[in-house]
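S.K.: Give the three-dimensional model of this entry:
(one chain, ligands or ions: 1)
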Amino acid sequence: MKQITVVLATNNRDKVKEIKPLLEDIGPGIEVFSLNDLEIDIEIEETEETLEGNAKLKTDAVFDLLSKRFDNLVTFADDTGLEVTALGGAPGVYSARYAPVPEGTSPTYEDNVNHLLTKMNGMEDRKACFRTVVALKGRIEKNSKPHTFESAVEGSVEGAITLEKTGGNGFGYDPVFWVNSARSTFAQMSIEEKNRISHRSRAVRKAVEELRRILTPKLSVF
Ligand code: IMP
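M.R.: Numbers count the residues shown, from 1 in each chain. Below is the predicted model:
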């Protein structure tokens, strides 16, 4: 396999730690970098109204920036949202900035969780789902010809919003997200347990399979 550079459009160390080994496992020719590794400091504003749109914004921006620097380049980005049925799918794409805060500041995880619990006060239907979309964009040499591709895959987990925070692990909405299949909140799980079943790991594993398929040279049939 030719040398292929995969750039993760994120600086989140936890995401990098989770995603890098899965991608490197595809083959010896794959080199994986985060934006930090390449000393790239770009702010990509998430202005789209869908998870897929925002993930693509990130792969597009990083691809445009680096396509001259690397011959065989793949960019990889994810976007996640919590979708609550009784709230019409909110906070969805706005999950990171759900609680109202003074202009110029960002809500903390705790602000967002408290806002969600207040909004759902007295609601009986607590159904919710975590969804991650992973976008890929690349240009590689395949069967001795340049091959460009764009793709998006998703992973999700069904659950419910609890009445109060439960568990001390994880981040974001983990203390109030009850996972139906595990009969506990994400915040009650170890990181390994969460990574086995989470929306993000499901989407990442699908993206890795998609990339493996794209990068494998087609065999000629005689
Ligand atoms: P991002 O697209 O991964 O940055 O996620 C957007 C927001 O969704 C984060 O700021 C968190 O509030 C929330 N979120 C994403 N993934 C998780 C998760 O695995 N558990 C809990 N909250 C999450």
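S.K.: Nearest to the ligand: which residue in this structure?
M.R.: Closest approach of the chain to the ligand (C-beta to the nearest ligand atom) occurs at residue 172, with a separation of 2.4 Å. For every residue, glycine as well, the C-beta is placed using N, CA and C.
S.K.: mind listing what that residue touches?
M.R.: Each residue near residue 172 by C-beta atoms under 8 Å, 6 or more residues apart in numbering is listed here: 82, 95, 109, 112, 113.
S.K.: Provide a list of residues in contact with the first one.
M.R.: Right, the one you point to is residue 82. Remark: with contacts taken as C-beta under 8 Å, 6+ apart, residue 82 is in contact with 91, 92, 95, 116, 128, 129, 130, 172, 173, 177.
S.K.: any idea how far residue 165 is from the nearest residue to the fifth one once chain neighbours are set aside?
M.R.: The one in question is residue 128. What sits nearest to residue 128 in space, not counting adjacent residues and going by C-beta to C-beta, 6 or more residues apart in numbering, is residue 84, at 4.5 Å. Distance, residue 84 to residue 165, by C-beta to C-beta, to the nearest Å: 16 Å.
S.K.: between the two, who's got more neighbours?
M.R.: Of the pair residue 84 and residue 165, residue 84 is the one with more neighbours under other C-beta atoms under 10 Å, namely 22 against 16.
S.K.: how about that one, phi and psi?
M.R.: With angles defined as degrees, to the nearest 10, residue 84 shows backbone torsions of phi -100, psi 120.
S.K.: Next: residue 17.
M.R.: Dihedral pair for residue 17: phi -60, psi -40, per degrees, to the nearest 10.
S.K.: what about it, how many neighbours?
M.R.: Counted with other C-beta under 10 Å, residue 17 comes out at 11.
S.K.: what packs against the helix or strand of the chain with the lowest mean pLDDT?
M.R.: Across the helices and strands of the chain, mean pLDDT, DSSP states H and E gives its lowest value to helix 13-24, namely a mean of 86. Contacts defined by 3 or more C-beta pairs under 8 Å, 6 or more residues apart in numbering; DSSP states H and E place helix 13-24 against strand 4-8, strand 30-34, strand 73-84, helix 199-215.
S.K.: mind listing what's buried in it?
M.R.: Buried residues in helix 13-24, defined by neighbour count with 16 or more other C-beta atoms under 10 Å: 15, 16, 18, 19, 20, 22, 23.
S.K.: hang on, isn't the second one packed against residue 7?
M.R.: To tie it back to what came earlier, the one meant is residue 16. No - in this structure, residue 16 is not within contact of residue 7 by C-beta atoms under 8 Å, at 10.9 Å.
S.K.: joint contacts of these two?
M.R.: residue 34.
S.K.: quick one: contacts for the most centrally placed residue in the chain?
M.R.: With the centre of the chain defined as its mean C-alpha position, the nearest residue by C-alpha atoms, centre = their mean is residue 78, 3.0 Å away. Under the criterion of C-beta under 8 Å, 6+ apart, the contact partners of residue 78 comprise 10, 15, 55, 132, 133, 134, 135, 200, 203, 204.
S.K.: could you pull out the helices for the protein?
M.R.: 13-24, 51-66, 109-119, 191-197, 199-215 (DSSP state H).
S.K.: average pLDDT across the shortest one?
M.R.: Right, the one you point to is helix 191-197. Over the span of helix 191-197, the pLDDT mean works out to 91.
S.K.: What residues does this protein have near the ligand?
M.R.: Contact residues, the chain versus the ligand (C-beta under 6 Å from any ligand atom): 79-80, 95-96, 109, 112, 170-174, 186, 198, 200.
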